[in-house]
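*Asks:* pasting the structure only:
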């Protein structure tokens, strides 16, 4: 247990961030998980530019001063952002008492049977009160289901067949395609109609396609687009 710091006259205490281990420089990922994390986090920032949120991969979440942090593969927290002085000790990771709320979505990518994603981790996220807990098991290490979505109802998680996360206005879907030159099945965020959130490269490709269509239409009208 770390020492606590009195921050007001109402006897409300928070842990002293200087005594917390906010990073330990231990690599834990594999190639597949690392790419999947980049896809999930990057597509949020490239597609939701008008919203305030924080999404990260492999950043610790402190949910109580009595336990070490839990480090989800990906998390999404709405209506918060990284503090301006993010190199200061108390701003280097996600401390629930500083942000005022837990993330809405926490996600784990199963690499083996050692992570206890359906046991201890589920209990921690449930206690932390994250609205949704997603377990992506691409190699079916934990059973036949590749994707499990848990929704917090009251104080407990309930597995749901719905992949639409109503409280965050996003869904998750399995998508066949190429990301970073790797053709595979990927877990992606999607809109309610099932359309995936584009990555930065996909946004650029769509813009290029639209420009080409416009140029072709102008040429069909006898207008050289290069002169505009």
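*Replies:* Received it, and whenever you're ready, just let me know what you need. Note that the structure is a prediction, hence the values are computed from the model and not measured.

*Asks:* measure how buried the nearest residue to residue 131 once chain neighbours are set aside is and give me the count.
*Replies:* Leaving aside its sequence neighbours, residue 131 sits nearest to residue 104 (CB to CB, 6 or more residues apart in numbering; 4.5 Å). (C-beta placed from N, C-alpha, C; glycine too.) Look at residue 104: counted by other CB atoms under 10 Å, it has 20 neighbours.

*Asks:* show me the domain layout of this structure.
*Replies:* Domain assignment for the chain by automatic domain parsing gives 4-197, 198-228.

*Asks:* make JSON lines out of the ones you listed and add mean pLDDT.
*Replies:* Shown next, in JSON lines, are the domains of the chain (pLDDT from 0 to 100):
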{"stretch": "domain 4-197", "mean pLDDT": "88"}
{"stretch": "domain 198-228", "mean pLDDT": "75"}
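
*Asks:* tell me which of those domains sits most buried.
*Replies:* Compared across the domains of the chain, domain 4-197 shows the largest average neighbour count, a mean of 16 (mean count of other CB atoms under 10 Å).

*Asks:* what's the spacing between the most far-flung residue of the chain relative to its centre and residue 210?
*Replies:* Distance from the C-alpha centroid of the chain peaks at residue 222, with 48.2 Å (CA atoms, centre = their mean). Per CB to CB, to the nearest Å, residue 222 is found 21 Å from residue 210.

*Asks:* and residue 130, by the same measure?
*Replies:* Here residue 130 is placed at a distance of 38 Å from residue 210 (CB to CB).

*Asks:* break down this protein into its helices, ranges please.
*Replies:* Taking DSSP state H as the test, the helices found in the chain are 31-47, 96-99, 120-128, 200-220.

*Asks:* ok, which of those comes nearest residue 141?
*Replies:* helix 31-47 (12.4 Å; CB to CB).

*Asks:* can you give me the strands in the protein?
*Replies:* 4-6, 13-15, 53-56, 61-62, 74-78, 94-95, 105-109, 132-136, 147-153, 156-160, 164-165, 170-179, 182-190 (DSSP state E).

*Asks:* next up, the contacts around residue 75.
*Replies:* Residues near residue 75 by CB atoms under 8 Å, 6 or more residues apart in numbering: 55-56, 59, 61, 94, 103, 105-107, 130.

*Asks:* can we see that at 10 Å?
*Replies:* 40-41, 54-59, 61, 94, 102-107, 125, 130 (CB atoms under 10 Å, 6 or more residues apart in numbering).

*Asks:* distance check, it against residue 42.
*Replies:* Relative to residue 42, residue 75 is positioned 14 Å away (criterion: CB to CB).

*Asks:* repeat for residue 72
*Replies:* From residue 72 to residue 42 the distance is 16 Å (CB to CB).

*Asks:* please name the residues that touch the closest residue to residue 105 other than its chain neighbours.
*Replies:* For residue 105, ignoring the flanking residues on the chain, the nearest one in space by CB to CB, 6+ apart is residue 76 at 4.2 Å. Residues in contact with residue 76 (CB under 10 Å, 6+ apart) are 40-41, 44, 48, 53-56, 103-107, 130-132, 134, 165, 168, 170, 189.

*Asks:* at 8 Å what do you get?
*Replies:* By CB under 8 Å, 6+ apart, the neighbours of residue 76 are 44, 53-55, 103-105, 168.
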